[in-house]
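Q: Predicted model and sequence follow; I will ask about them next.
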Amino acid sequence: MKRILMAGLMLLPAAAHAEALYVSNERGNSVSVIDAASGSVTATWPVGGRPRGITLSKDGQYLYLCASLDHAVQVIERATGKVVAELPSGQDPEQFFLSRDGKTLFVANEDDAALTAIDLATRTVAFQVDVGGEPEGVAQSPDSQWVVVTSEEDDVVNWIDLKTKTMVAETPVDLRPRHVEFTGDGKQLWVAAEVGGTVQIIDTATRQVSETLHFAIPGIPEHRILPCGIRFTPDGKTAVIALGRADHVALVDVATRKVRSYVPVGKRVWHIAIGADGAHAYAANGLSDNVSVIDLAKAAVTGTIAVGAAPWGIVAAP
């Protein structure tokens, strides 16, 4: 049965546009549902063990969720909060990427050291490709030619050609790459290297690192700066980067590669969602069990929403 939990909001502006946020609580084995306009948690849904990656189906009717301890991707009906199916995803699914056409989920399986492609129409495994050790971050290129997967253990980005369904190249990056995001034009791939403390930009034409971004926050030791989630604003002008145990988010100008602002958020910020209008970002804070609401124009937190234990992933949906 759906359990309803309400949470207080501090300082959330009335102008926040109406949409829903869905937060995977890694230690809570739950998903928190947030009404962004009011800053209230409207429901908490029980899900599988150690939920992490979370995304929305193309038609908006379902959420897909990595239930890592259950070795499955769960399909959750948004209208009811019920788990209506479990997809065969391989061992220990961490993150995934919904294909550009909405027909396939590309899942990183840590224990299998593989990328698993799930056909959503048949709910079966379409193919699987071996990749480097401890795969986590996954993204598909805007032209749908490539899927890339980070290998935390081997410190590389693996390139999978979707025409041949084979891995054709590796790009060495800094230590323990966690997350990857293509720019909208597909010319760059941004890679968050957690232990390396950097975000590296790969030129997709050459598959080589062209630039490395470093971060320096007054009063924060360098070893606490652990980049993780990256999201671009809808206009493609700003990268919003979660900096882990630095308890900050960096706002980076994509054109100049310069940090515009550092925004203090909750503890151990993992992943980011950005509202459809590009005005607000939402940060899942894994050690303070809350979500920070960030006004991107002001580069300031305007609200804090309590959620379940150890929020990990977050997605915004209309």
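A: That came through fine.
Q: For residue 90, give me the pLDDT.
A: Note for residue 90: predicted pLDDT of 86.
Q: low-scoring stretches of this structure, by residue?
A: 1-17 (pLDDT under 70).
Q: Mind doing that once more with 80?
A: 1-18 (pLDDT under 80).
Q: hey, where'd the helices end up in it?
A: For the chain, applying DSSP state H gives no helices.
Q: And the strands in the stretch 151-300 of the chain, which stretches?
A: With DSSP state E, counting those that start in this stretch as the criterion, the stretch 151-300 of the chain has strands at 156-161, 166-172, 177-182, 188-193, 198-203, 208-213, 230-232, 238-242, 248-253, 258-264, 269-274, 280-285, 290-295, 300-306.
Q: where's the residue nearest to residue 227 when sequence neighbours are not counted relative to residue 108, distance?
A: Among residues not flanking residue 227 along the chain, residue 192 sits closest, at 3.9 Å (CB to CB, 6 or more residues apart in numbering). For every residue, glycine as well, the C-beta is placed using N, CA and C. Distance, residue 192 to residue 108, using CB to CB, to the nearest Å: 14 Å.
Q: next one: residue 289
A: 25 Å.
Q: same deal with residue 292?
A: Residue 292 is 26 Å from residue 108, where distance means CB to CB.
Q: If you count surrounding residues, which of the two has more?
A: For residue 292 and residue 108, the more surrounded residue by other CB atoms under 10 Å is residue 108, and the numbers stand at 31 against 23.
Q: Bridged to the closest residue to that one other than its chain neighbours, which residues?
A: Of all residues not flanking residue 108 in the chain, residue 135 sits nearest, at 4.0 Å (CB to CB, 6+ apart). Under DSSP bridges, the beta-bridge partners of residue 135 are residue 151.
Q: so who does the residue lying closest to residue 43 once chain neighbours are set aside touch?
A: Of all residues not flanking residue 43 in the chain, residue 33 sits nearest, at 4.2 Å (CB to CB, 6+ apart). Neighbouring residues of residue 33 by CB atoms under 8 Å, 6 or more residues apart in numbering: 20-22, 41-45, 81.
Q: close enough to count as contact, the residue nearest to residue 108 and residue 109?
A: Yes. Applying CB atoms under 8 Å, one finds residue 135 in contact with residue 109, separated by 6.8 Å.
Q: what do these two both touch?
A: Contact criterion CB under 8 Å, 6+ apart; residues shared by residue 135 and residue 109: 94, 115.
Q: Please identify which of the two sits among more neighbours.
A: Taking other CB under 10 Å, residue 135 and residue 109 do not tie; residue 135 has more neighbours (30 against 23).
Q: Tell me which of the strands of the stretch 151-300 of the chain approaches residue 72 most closely.
A: Closest to residue 72 of the strands of the stretch 151-300 of the chain, according to CB to CB: strand 269-274, at 20.2 Å.
Q: which secondary structure elements does that closest one contact?
A: Counting contacts by 3 or more CB pairs under 8 Å, 6 or more residues apart in numbering; DSSP states H and E, strand 269-274 packs against strand 230-232, strand 238-242, strand 248-253, strand 280-285, strand 311-317.
Q: For residue 49, which of these is the nearest?
A: Taking the helices and strands packed on strand 269-274 one by one with CB to CB, strand 311-317 is closest: 12.7 Å.
Q: could you say what helices and strands the closest one packs with?
A: strand 20-25, strand 51-56, strand 269-274, strand 280-285, strand 290-295.
Q: Would you convert these into JSON lines that also reports distance to residue 77?
A: Listed next are the helices and strands packed on strand 311-317 as JSON lines, based on distance: least, CB to CB, whole Å:
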{"stretch": "strand 20-25", "distance to residue 77": "12"}
{"stretch": "strand 51-56", "distance to residue 77": "12"}
{"stretch": "strand 269-274", "distance to residue 77": "20"}
{"stretch": "strand 280-285", "distance to residue 77": "22"}
{"stretch": "strand 290-295", "distance to residue 77": "23"}
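Q: right, and these - which one's nearest residue 185?
A: Among the helices and strands packed on strand 311-317, strand 269-274 comes nearest to residue 185, with 17.8 Å by CB to CB.
Q: Now do the same contact list for residue 265.
A: Residue 265 sits next to 247-249, 283, 285, 292, 294, 301 when contact means CB under 8 Å, 6+ apart.
Q: Please consider this matter closed, and thank you.
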